[in-house]
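Asker: Take a look and give me a structure for this.
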Amino acid sequence: MKQLKNGTDIRGTALGENPNLTPERAELFGKAFVSFLEHRGAAVPPTVAVGSDPRLSGEGLKKGLIKGLRAMGAQVLDCGLATTPSMFFSTYYEESSCDGAIEITASHLPSDKNGLKFFTKDGGIDGQDVSTLIELAEADIFPSRTEGPLEQFDLMTPYSQSLVALVQEKTGEDQPLKGVKVTVDAGNGAGGFFVEKVLAPLGADTEGSVFLEPDGSFPNHIPNPENKAAMAACAEATLKAGADMGVCFDTDCDRSAIVDGSGMEINRNRMIAMVAALMLREHPGCTIVTDSVTSKGLAAFIEARGGVHHRFMRGYKKVIDEAIRLEKTGVCAPLAMETSGHGALKENHYLDDGSYLVARLLAELALLKKQGKSLTSLIEGLAEPAESLELRANIKVEHFKVYGARVLDELEAYCKEQGWEIVSPNYEGVRVNFGKEAGDGWFLVRMSLHDPVIPINIESDSKGGAVQIADRLYAFLTGFEELELPAYR
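Answerer: Below is the predicted model of the structure:
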C-alpha cells in the first residue's frame, strides 16, 4: 500500500491486469479516514462527502469507499460527479457541513489510473497524514459499528452558485458576461458543469465549447493545461468560435489555463503573471509565491509592479504551505501558484481551485472589455525567454535519492569551481544564471519529488543560448554513468 502514496494523494493503477488500487483497498481507506477524522476531533461518527471525476474505475472505487465509511458508522453524502475543489466546500457549506471529504480522481493521469484526495475542514491533508492513512489501512484493525446512512447530495449547484456570485460581486452586475463569448474545453472531465451552471447564468455566449460530456476514457485529449494537445484543442475551439476567451480545465478542475481571443495560450508563467497582476493591484507590495521553475521574466514582471517574487519549491502543496507560513509571519502572500496550473488564493481558503481562478479572470474580462481592452493587457511587459528546454535525466540505480543528492552536491561544487553565478536564495536543487556571453539565461537541476528522475530546466533570452547552457551543463553530467541523459539538440 505504501506504493500508493503520491505526495498528498493516494494514486495507483485501477484498471488492467494487475491493479493496485482496488475497491477492496478503497474500502480500507474509507475505514481509515473515519478513524483519522475521529482522532483529529471530528464527530463520532463523522459525516463524509464522496465525489468523483468520470474515470471508468471511479464507480467501483466509490462503492468500496462508501462501504468502508459506512461500516465505521459514518453518514455519507454521495455527491456524484464533482470537482476536487467543490469537495472541500462540502465541509464548509452549512447545508452539508461535513467533517471530511474524499474526491476520487487521478487528475491528468492516463485513464487506467485513479486516486483519492482527502479533505478536512482545514483543507487538504498533507503527506504525513497520507502515510498515517496507509498505516491504518494496512493494519486493518477497526471497531464493528452499526452501518451509517447514505444519501445523495447535489454539491455542484451551491458550488457553482458561489462562482456566479463571485463574478457578480466583482463586476457589480447580474449578467456581466452579456456580449462576451467564452468557450470551454473540459477534456471530457468534470469541468463541463462550468458552461451550464456558471457561464450561462452570467449571460455568456458559450457556443463552440467542446468535450463537455464526461467520458473517463478521455477520447479526445488528456485533460491537462500543461499538455500541448489540450491547449492546442482549446485554442482551436476559441478561434473557430471567435470567442473572447477559451478555458481549459484538467480532469478534476483544480487546475486551469486560458486562451485569449487571438489564440494565445495563457498557462504556466503567463497564467501566474495574470493572476499576480490582479493580486498586486489589490494588495500593493504583496509577495507572490511560486514553484522553483518559474522564469526570470516573471520575477521581473512582479518586481516591476512593486511586488516580491518568492520562488520556492516544486509541488503545489509546498507552495501553498509556504504562502500560509509567510502570512503567519506577517507577510502579505495572497497568491501561491505553480507552473502546472495549481493556483491558490488566500481569499479562497488557499484552495487550489481552477474554476475559482477562471471566475476571477472572467470578471476582469468583463470589466476590461467595457474599456476596449483585452485580458492580455494584464500581462503587458512580461518578458518571455527566446528558448527553453525541459529535460528529464533518468537515474538507473535502486537508491536513486542518494545518487541524486550526490549529483546535486557535486554539481554545486563544480559550479563554484567554474565561477558560475549560483542563485541565492534557492530552495530546491541548483540554479545558475549565465550572462549574455555564456548563454544569456539559467538552468535549474533538481530531484523529482517521487521518481528516479533529475528534471533539468533551461531558459535563454537569446537564440541558441539554451543549447549553449546545456552544453556547459552536460560537460559535467556526462561523468555520471548511472544517469541516462536525454538528447537536446
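Asker: Around the nearest residue to residue 411 once chain neighbours are set aside, how many other residues sit close by?
Answerer: Among residues not flanking residue 411 along the chain, residue 430 sits closest, at 5.1 Å (CB to CB, 6 or more residues apart in numbering). (Each C-beta comes from the backbone N, C-alpha and C, glycine too.) Neighbour count for residue 430, taken as other CB atoms under 10 Å: 22.
Asker: So in terms of bridging, what pairs with residue 430?
Answerer: Counting by DSSP bridges, residue 430 is bridged to residue 445.
Asker: what about the nearest residue to residue 489 once chain neighbours are set aside, which helix or strand?
Answerer: Excluding its sequence neighbours, the residue lying closest to residue 489 (CB to CB, 6+ apart) is residue 467, at 6.4 Å. Secondary structure from DSSP states H and E places residue 467 in helix 465-477.
Asker: quick one: average confidence on whichever helix or strand comes after that helix?
Answerer: Downstream of helix 465-477, the first helix or strand assigned by DSSP H and E is strand 483-484. If you average the pLDDT over strand 483-484, you get 98.
Asker: Packing partners of strand 483-484?
Answerer: Helices and strands touching strand 483-484, by 3 or more CB pairs under 8 Å, 6 or more residues apart in numbering; DSSP states H and E, are strand 387-395.
Asker: who does the strand it packs on touch, helix- and strand-wise?
Answerer: Other elements packing on strand 387-395 under the criterion 3+ CB pairs under 8 Å, 6+ apart are strand 453-460, helix 465-477, strand 483-484.
Asker: Pull the contacting residues for the residue nearest to residue 489.
Answerer: 387, 389, 488, 489 (CB atoms under 8 Å, 6 or more residues apart in numbering).
Asker: could you measure it against residue 487, distance?
Answerer: The spacing between residue 467 and residue 487, counted by CB to CB, to the nearest Å, is 11 Å.
Asker: before we move on, what about residue 441?
Answerer: Note on residue 441: its distance to residue 487, by CB to CB, is 19 Å.
Asker: More neighbours: those two, which one.
Answerer: Counted by other CB under 10 Å, residue 441 and residue 487 do not tie: residue 441 has more neighbours, with 26 against 6.
Asker: Hmm, the more buried one is touching residue 384, no?
Answerer: No: the pair residue 441 and residue 384 fails to qualify as a contact (CB atoms under 8 Å) at a distance of 11.9 Å.
Asker: before we move on, the earlier item: for the contacts of residue 467, which one is nearest residue 105?
Answerer: Closest approach between those and residue 105, by CB to CB: residue 389, at 30.7 Å.
Asker: residues touching the closest one, list them.
Answerer: 456, 457, 458, 459, 466, 467, 470, 488 are the contacts of residue 389 under CB under 8 Å, 6+ apart.
Asker: which one is it nearest to, not counting chain neighbours?
Answerer: Closest residue to residue 389 apart from its sequence neighbours, by CB to CB, 6+ apart: residue 458 at 4.3 Å.
Asker: where does that neighbour land on pLDDT?
Answerer: You'll see residue 458 listed with a pLDDT of 98.
Asker: Return the distance of it relative to residue 416.
Answerer: Separation of residue 458 from residue 416 (CB to CB) stands at 20 Å.
Asker: Next: residue 286.
Answerer: Applying CB to CB to residue 286 and residue 416 gives a distance of 34 Å.
Asker: Helices of the stretch 151-300 of the chain, start to end?
Answerer: Secondary structure of the stretch 151-300 of the chain, counting by DSSP state H, counting those that start in this stretch: helices at 156-171, 193-194, 228-241, 268-282, 296-304.
Asker: residue contacts, the residue lying closest to residue 49 once chain neighbours are set aside?
Answerer: Excluding the flanking residues, the one nearest residue 49 by CB to CB, 6+ apart is residue 90, at 3.7 Å. Going by CB under 8 Å, 6+ apart, residue 90 touches 49, 51, 77, 79, 96, 98, 101, 119, 153, 155.
Asker: which SS state does the fourth one fall under?
Answerer: At residue 79 the chain is in strand, as set by DSSP: H, G, I helix; E, B strand; the rest coil.
Asker: burial count for it?
Answerer: Neighbours around residue 79, by other CB under 10 Å: 25.
Asker: need the contact list for it.
Answerer: Residues near residue 79 by CB under 8 Å, 6+ apart: 49, 50, 51, 86, 87, 90, 153, 154, 155, 156.
Asker: Buried by neighbour count, from these: which ones?
Answerer: Neighbour-count burial (16 or more other CB atoms under 10 Å) is assigned, among the contacts of residue 79, to 49, 50, 51, 86, 87, 90, 153, 155, 156.
Asker: and the first one, which of the three is it?
Answerer: Spelled out, it's residue 49. strand.
Asker: Am I right that it is in contact with residue 87?
Answerer: Yes: applying CB under 8 Å as the test, residue 49 and residue 87 come out as touching, 6.1 Å apart.
Asker: Give the intersection of the neighbour lists for these two.
Answerer: By CB under 8 Å, 6+ apart, residue 49 and residue 87 have these common neighbours: 79, 101, 102, 155.
Asker: Among these, find me the one that's closest to residue 57.
Answerer: The closest of the shared contacts of residue 49 and residue 87, once distances to residue 57 are taken by CB to CB, is residue 102, at 14.7 Å.
Asker: which secondary structure element contains that closest one?
Answerer: Using DSSP H and E, residue 102 falls in strand 100-104.
Asker: That strand pairs with which strands, and in what direction?
Answerer: Strand pairing for strand 100-104, determined by DSSP bridges: strand 47-52 (parallel), strand 113-120 (antiparallel).
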